[in-house]
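Chemist: below are the sequence and a predicted model; questions follow.
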Amino acid sequence: MFEQYVDDFLDEEMFPSGKCFRIVFDPVTAKFRLLAKAHSDLEKIVDAFSTFNNASFFTRQYGFDTENKVYSVNKFGYFSIGLVFEVLNYIKREYGSFSQIALSNNVKRFIVDYLMPLKHFAKDRDRSKFNVSNVSKTYQLREYQTNAIKALIFDGCGRGLIELPTGSGKSFVIGNFIYTLLQQYDSSLKTLIFVPNRQLVDQFYKDLLDYGFKKEEVTKLASGLKKDEKYDPKARIIVSNRQYLFTNKEKLPKIDVLIADEAHSVAVPDSQTYKFVENLNCSIKVGCSGTLPRDNYRKWSLIGLFSRILYTEDIVKLQNEGYLTKLKIEVLSVKDEAVENDKNIPFNLHSNVKYIEGGDVAFNEAYNAEIEYTNKNCLRLYAPMIQKIEKLDGNVLILFDRIEFGHELFETLKEWKPRGSEIFYIDGSVSVDEREKIRSKFETSNSNVLIAQAVTFSVGINIRNLPNLCFTGGGKSITKCIQSIGRTLRLHENKEFSTILDCVFNFKYSKKHFRERLKMYRDFYKKQKPDSIEKVSI
């Protein structure tokens with residue numbers, strides 16, 4: 001479909017006078033390629049768009065050969081189309097100007113057609129006087145929400161990434177961006193809102209209707225639809241999820257606009273999700289997230305799909321302005337005396353058991369032993385946390401990673417019943433309908449405890465009446481932690497602030513990951529130290 005944009009450099013000098021670089025478009029791979037007169041210049045740029053491969057150590061332990069670096073511009077100069085502005089700007093910074101780069105007319109035309117689809121629309125309008133269309137008669141657009149939409153139209157010209165903290169009205173921004181296009185650009189546009197899971201299909205669909213879209217304007221394309229939810233091919237807006245589209249792509253009509261919600265989870269090159277977004281034949285592509293990746297490789301991967309990062313909003317700024325709930329970090333530091341006094345335990349902080357490459361001890365022995373020990377001793381280890389929960393006001397969400405641990409904790413809490421709470425459990429096997437019942441229960445009452453698997457509940461789920469979050473395994477993933485905390489930041493009359501209860505043990509990986517979370521609290525929430533630290537021994 002891209003044959004019309006094939007570069008014409010074979011009919012002219014590859015590097016005209018004064019040009020050191022040339023960017024060509026390859027219609028077969030649908031990627032750009034950077035050519036350099038001097039190979040050393042190409043190597044310099046390839047290196048600039050490379051990062052250390054964090055997985056290299058682990059893959060080698062399993063006998064696989066892997067490079068120490070991963071490349072967003074590969075050694076032959078190929079890169080994803082959305083990254084072209086980053087490459088151009090790098091060359092300008094390092095070599096003084098754009099004048100050393102040769103771009104054919106076909107390549108320029110491709111950039112405008114596919115990476116700036118709203119260029120002519122934006123060019124004909126005065127940004128300062130442009131009024132964003134609001135579909136809602138109930139909710140007003142906040143200034144930062146309007147700015148995000150204008151950035152998509154005037155800065156990205158219909159393509160790019162925006163980062164808005166969870167709870168700041170990201171879905172409202174998406175809805176009004178679509179509504180503005182339908183009202184002021186082209187009323188026939190067909191939009192796909194692409195969400196991570198089936199539960200978010202229902203939630204986003206309800207949000208759009210709540211904002212003011214008519215039922216005939218929005219439809220679902222997903223499994224398990226009820227009779228009154230049957231897919232309507234005439235609707236202008238389709239909400240669908242990944243798992244469904246991976247196996248039902250043929251049911252998708254021609255799409256003009258793609259909106260990828262929770263876009264951070266798309267940033268894995270060669271994954272099914274990444275390939276789906278990359279291969280979808282539409283030029284208006286927008287990625288929205290509460291947490292765009294901080295590591296360059298994943299960030300460049302997303303930019304390669306959607307183009308530039310156009311707008312970000314600071315969490316603390318929105319908290320100070322009263323749009324998000326302020327945060328209170330309470331740390332529960334638990335010393336397990338049995339582990340503290342046995343240096344033969346591999347995850348003891350001063351263990352005698354050391355991993356040496358090529359030695360007899362497996363590289364992941366300490367980690368696996370720590371996980372197994374935590375699961376087997378769940379009741380004893382988390383008794384102090386349960387006692388803390390008894391003192392918390394309002395609903396509580398406890399997130400876990402491993403199913404066996406979640407089951408054990410659920411059974412423990414059912415017997416303990418802190419505060420006389422009603423105890424709920426969610427993992428991937430729990431139906432979407434049941435999850436929605438639990439979510440509704442939280443919104444209408446205040447003494448519930450939910451033990452939920454992080455992968456099913458840390459992203460996108462909207463519970464306003466949620467003042468308390470407990471990290472168990474915790475982990476160190478910035479994206480997962482911030483998305484999880486975001487569940488508690490939405491404003492609600494029942495909470496003055498949100499409380500994060502962070503439980504850490506005197507174990508090797510528990511301490512290591514906790515240090516990463518402390519850094520995250522400082523970087524994202526300006527918490528130089530926790531609000532409280534309670535130390536207990538068991």
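Modeler: Sure, I can see it.

Chemist: Provide a list of residues in contact with Val218.
Modeler: Tyr205, Leu208, Leu209, Ala235, Arg236, Ile237, Val239 (Cβ atoms under 8 Å, 6 or more residues apart in numbering). Glycine gets a C-beta too; all of them are placed from N, C-alpha and C.

Chemist: how about the residues you listed in TSV, adding neighbour count, distance to Ile149 and pLDDT?
Modeler: Converted to TSV, the contacts of Val218 look like this (neighbours: other Cβ atoms under 10 Å; distance: Cβ to Cβ, whole Å; pLDDT from 0 to 100):
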residue	neighbour count	distance to Ile149	pLDDT
Tyr205	22	21	95
Leu208	24	15	97
Leu209	14	20	96
Ala235	20	22	96
Arg236	22	18	97
Ile237	22	16	98
Val239	26	19	97
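
Chemist: now, which of these sits nearest Asn54?
Modeler: Val239 (33.8 Å; Cβ to Cβ).

Chemist: and that closest one, which of the three is it?
Modeler: Following DSSP: H, G, I helix; E, B strand; the rest coil, the label given to Val239 is strand.

Chemist: of the contacts of Val218, which belong to helices?
Modeler: Using DSSP state H, the subset of those located in helices is Tyr205, Leu208, Leu209.

Chemist: I figured the first one hits Ile237, correct?
Modeler: Just to be clear, that refers to Tyr205. No. Tyr205 lies out of contact with Ile237 (Cβ atoms under 8 Å); the separation is 9.1 Å.

Chemist: now the element after the worst-scoring helix or strand of the chain on mean pLDDT, going C-ward?
Modeler: Scoring the helices and strands of the chain by mean pLDDT, DSSP states H and E places helix 56-61 at the bottom, with a mean of 62. Where DSSP states H and E defines the elements, the next helix or strand beyond helix 56-61 is strand 69-71.

Chemist: what pairs with that following strand, and is each one parallel or antiparallel?
Modeler: Sheet pairing of strand 69-71 (DSSP bridges) gives strand 50-52 (antiparallel).

Chemist: contacts for the strand it pairs with, please.
Modeler: Asn68, Lys69, Val70, Tyr71, Ser72, Val73, Asp295, Asn296, Tyr297.

Chemist: which of the residues you listed lies closest to Asp401?
Modeler: Using Cβ to Cβ, the contacts of strand 50-52 come closest to Asp401 at Asp295, 20.5 Å.

Chemist: got the phi and psi for that closest one?
Modeler: phi -80, psi 140 (degrees, to the nearest 10).

Chemist: now render the ones in helices among the contacts of Val218 as JSON lines, adding distance to Tyr274.
Modeler: Formatted as JSON lines, those follow (distance: Cβ to Cβ, whole Å):
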{"residue": "Tyr205", "distance to Tyr274": "25"}
{"residue": "Leu208", "distance to Tyr274": "26"}
{"residue": "Leu209", "distance to Tyr274": "30"}
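
Chemist: of those, which is the nearest to Phe177?
Modeler: Nearest to Phe177 among these, with distances taken as Cβ to Cβ, is Leu208, at 12.0 Å.

Chemist: partners of the nearest residue to the closest one once chain neighbours are set aside in the sheet?
Modeler: Distances taken as Cβ to Cβ, 6 or more residues apart in numbering place Val218 nearest to Leu208, at 4.9 Å, with adjacent residues excluded. On the basis of DSSP bridges, Val218 is bridged to Ile237.

Chemist: separation between Val218 and Arg439?
Modeler: 20 Å (Cβ to Cβ, to the nearest Å).

Chemist: what of Gly169?
Modeler: Relative to Arg439, and taking Cβ to Cβ, Gly169 is found at 18 Å.

Chemist: is it correct that Glu144 is in contact with Ser168?
Modeler: Glu isn't right for residue 144; it's Tyr. Yes. Look at Tyr144 against Ser168 with Cβ under 8 Å: they come within range, at 7.5 Å.

Chemist: the two: who's more crowded?
Modeler: Ser168 (22 against 18; other Cβ atoms under 10 Å).

Chemist: contacts only, for that one.
Modeler: Per Cβ under 8 Å, 6+ apart, neighbours of Ser168: Tyr144, Gln145, Gly290, Glu313, Leu318, Tyr323, Leu324.

Chemist: listing request: residues of the stretch 1-150 of the chain with sub-threshold pLDDT.
Modeler: 1, 3, 6-12, 55-66 (pLDDT under 70).

Chemist: can you pull the buried residues of the longest helix seen in the chain?
Modeler: As assigned by DSSP H, the longest helix anywhere in the chain is helix 508-525. Of the residues in helix 508-525, Lys508, Tyr509, Ser510, His513, Phe514, Arg517, Leu518, Met520, Tyr521, Phe524, Tyr525 count as buried by neighbour count, 16 or more other Cβ atoms under 10 Å.

Chemist: need the contact list for the closest residue to the last one other than its chain neighbours.
Modeler: Which is Tyr525. Among residues not flanking Tyr525 along the chain, Leu327 sits closest, at 5.4 Å (Cβ to Cβ, 6+ apart). Leu327 makes contact with Gln319, Ile485, Thr488, Leu489, Phe497, Ser498, Ile500, Tyr525, Lys527, according to Cβ under 8 Å, 6+ apart.

Chemist: check what pLDDT the nearest residue to Val201 once chain neighbours are set aside gets.
Modeler: Nearest residue to Val201, sequence neighbours excluded (Cβ to Cβ, 6+ apart): Ala222, at 4.7 Å. Looking at Ala222, its pLDDT is 92.

Chemist: was I right to think Ala222 contacts Arg242?
Modeler: No. With contacts counted by Cβ under 8 Å, Ala222 stays clear of Arg242, the gap being 10.4 Å.

Chemist: more neighbours, the two?
Modeler: Ranked by neighbour count (other Cβ under 10 Å), Ala222 and Arg242 place Ala222 first, with 24 against 19.
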